[in-house]
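1. quick one, what's the 3D model for this:
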Amino acid sequence: MTDASRAEVCAVAIADTFAGDGEILVSPIGLLPQIGARLAKATSAPDLLMTDGVAPLVANVLPVSGEDRPAPVVEGWLPYRKVFELLWWGRRHVMMGATQIDRFGNQNIACIGPHEKPKAMLLGMRGAPGNTISHPTSYWVPNHSTKTFVPKVDVVSGFGYDRAAALGPVTARFHDVRRVVSNLGVFDFATPDHSMRLVSLHPGVTREEVVASTGFPLAIAADVATTREPSREELRWLREVIDPESARDSEVRA
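-> This is a model prediction of the structure:
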């Protein structure tokens, strides 16, 4: 046992999402995904390719907070046009957010309400359609509730398993909604019908809490695990190198 916060447990769960990816481009969108991906590169997945947010590929792990920011060690150049070459061949793993997500992994970041007359406009489609049919995609949801985990998304930005299957085998070639990490637990789609499954509960979270906060029936394994806590070495990376000012704690609702 450690004294890890819920945010640190989430960061480790995100890092574990990239385990085994090898030498591919990782695109973490948002604070906790950036922290988790950098933790993965520093510990379990050193071959990950990460940018500094622009075009240089950097070899060292850069912090997301604090004033002591080392200079990036540039090991390559990846202009925007080159990203599409990696994307189209499945050599990228992106972690996005989801304003809404359903039981088959369809994601909405476009709007709330009818597309013709929405109640609220959000980001739009952005790169979600291309991401989800071209390479592995995972999601980070900092506030797990029935408003986010919904029976049916208002607009499909990112394709889930049912939509990808309906488009045919060409689309399914690289389609891989890998994981969903929320502030309550970790989920995947490793079921016969590719519906969402509860993989692990974060320490202190109950199965009943997750079920009550989810707007559709979840597949639940008989041996649901507890999300692992970070090791002492991972805590050192999180607290001393990647996020010394604890920006992570502002994003996660325990």
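2. which parts of the stretch 101-250 of the chain are helices?
-> Applying DSSP state H, counting those that start in this stretch to the stretch 101-250 of the chain gives helices spanning 128-134, 161-167, 169-172, 207-212, 232-236.
3. quick check: which of the ones you listed is buried the most?
-> Stretch with highest mean neighbour count among those: helix 128-134 (a mean of 21; mean count of other CB atoms under 10 Å). Using the backbone N, CA and C atoms, a C-beta is placed for each residue, glycine as well.
4. for that one, packing partners?
-> helix 80-88, strand 92-97, helix 161-167 (3 or more CB pairs under 8 Å, 6 or more residues apart in numbering; DSSP states H and E).
5. what about the stretch 101-250 of the chain, any weak spots by pLDDT?
-> In the prediction, the stretch 101-250 of the chain carries no residues with pLDDT under 70.
6. coming back round to it: okay, the helices and strands packed on helix 128-134 in JSON lines with distance to Leu123 next?
-> Converted to JSON lines, those look like this (distance: least, CB to CB, whole Å):
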{"stretch": "helix 80-88", "distance to Leu123": "18"}
{"stretch": "strand 92-97", "distance to Leu123": "9"}
{"stretch": "helix 161-167", "distance to Leu123": "19"}
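7. among those, which is nearest Lys152?
-> Closest approach to Lys152 among the helices and strands packed on helix 128-134 (CB to CB): helix 161-167, 10.7 Å.
8. other residues contacting the closest one?
-> For helix 161-167, contacts defined as CB atoms under 8 Å, 6 or more residues apart in numbering pick out 104-106, 132-133, 156, 159, 171-172, 175, 177, 189, 193-195.
9. sorry, back to before: quick one, which of the helices and strands packed on helix 128-134 is nearest to Arg248?
-> Nearest to Arg248 among the helices and strands packed on helix 128-134 is strand 92-97; the distance by CB to CB comes to 14.7 Å.
10. kind regards, and thank you for your time.
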